[in-house]
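Asker: turn this into a model:
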Amino acid sequence: MGALTEQLGLFPLGTVLLPTERIPLHIFEQRYQELIGECLDLDTHFGLVFADDDGMREIGTRAFVVDVLDRFDDGRLNIAVEGHERFRIVAETSGRSFLTAEVEPVGDEEVVSERSVRERALERFRKLGRVVESDVDEPDADSGVLSFELAARVDFGPERKQELLELRSEPVRLGIVSDLLERAAEAITLERALAEAAAQNGRGLQH
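Answerer: Okay, the predicted model is just below:
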């Protein structure tokens with residue numbers, strides 16, 4: 001194994017955790033209670049990996065437990081975790097009740113997004129917030145991972161999020177997220193217009 005690899009406990013789930021993102025998790029299986037217990041005792045992290053009918057992906061995100069929301073008498077836990085660095089599974093290992101693997105870090109190419117591109121993505125994020133009539137928690141335009149910060153605030157679905165997770169170029173990722181935000185706002189606006197038109201037609205038929 002290379003010098004940069006390390007063994008990491010894995011938690012395969014049907015969800016994707018992006019760097020900077022916070023999500024709640026319900027821990028009910030004994031083996032994952034053991035994994036999370038170790039993370040809490042040793043102040044360390046585990047690897048959250050997207051898994052579905054096609055299997056477990058090789059790129060995941062280091063997850064840190066930032067809050068224990070509930071502890072139940074039977075050992076179950078409700079926790080909040082935050083995504084940090086990405087990793088790639090080099091080889092699965094054995095010997096523990098939970099999945100483990102040798103992993104290596106995954107980083108970005110050293111290319112920064114243009115300021116204008118960042119501002120456009122943020123404006124599209126604000127526009128989506130206005131369309132859904134929601135107060136938006138806006139990330140910093142100077143964030144080095146603005147694409148992840150924006151995608152963490154909008155539900156694009158796990159497959160799309162996994163695609164973003166695997167990209168190693170922040171400018172490319174941000175361009176995709178910016179387009180997704182624009183399309184989401186347009187889709188919601190169109191859906192609302194169609195619903196209003198249908199309601200108008202319904203009222204017209206009643207006369």
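Asker: put the alpha carbons of the top strand by length along the chain into CSV.
Answerer: Longest strand of the chain, by residue count under DSSP state E: strand 77-93. Extracted in CSV, the C-alpha atoms of strand 77-93 (Å, rounded to 0.1, in the frame of the first residue of the first chain):
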residue,chain,number,x,y,z
LEU,A,77,-28.3,6.8,18.0
ASN,A,78,-29.4,9.8,16.1
ILE,A,79,-26.4,11.8,15.1
ALA,A,80,-25.4,14.7,12.8
VAL,A,81,-22.4,14.3,10.7
GLU,A,82,-20.3,16.8,8.6
GLY,A,83,-18.5,15.9,5.4
HIS,A,84,-14.8,16.7,5.2
GLU,A,85,-12.2,15.4,2.7
ARG,A,86,-12.9,12.8,0.0
PHE,A,87,-11.2,9.5,-0.3
ARG,A,88,-10.9,6.6,-2.8
ILE,A,89,-11.2,3.0,-1.8
VAL,A,90,-8.0,1.2,-2.7
ALA,A,91,-8.9,-2.3,-1.3
GLU,A,92,-11.4,-3.6,1.1
THR,A,93,-10.0,-5.1,4.3
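Asker: buried residues in the helix or strand following it?
Answerer: Using DSSP states H and E, the helix or strand that follows strand 77-93 in sequence is strand 100-106. Within strand 100-106, the residues that count as buried by 16 or more other CB atoms under 10 Å are Thr100, Ala101, Glu102, Val103, Val106. Heads up, the C-betas are built off the backbone N, CA and C, glycines and all.
Asker: what does stretch 157-166 give?
Answerer: Quick answer for stretch 157-166 (16+ other CB under 10 Å): Pro158, Arg160, Lys161, Gln162, Leu164, Leu165.
Asker: same deal with stretch 139-149?
Answerer: Neighbour-count burial for stretch 139-149, counted by 16+ other CB under 10 Å, picks out Pro139, Val145, Leu146, Ser147, Phe148, Glu149.
Asker: now it: mean pLDDT?
Answerer: Taken as a whole, stretch 139-149 has a mean pLDDT of 94.
Asker: quick check: end-to-end length of that stretch?
Answerer: In stretch 139-149, first residue to last residue: 6 Å (CA to CA, to the nearest Å).
Asker: and that stretch, how far from the chain's centre?
Answerer: 14 Å (CA atoms, centre = their mean, to the nearest Å).
Asker: repeat for stretch 44-63
Answerer: From the chain centre to the centre of stretch 44-63 is a distance of 11 Å (CA atoms, centre = their mean).
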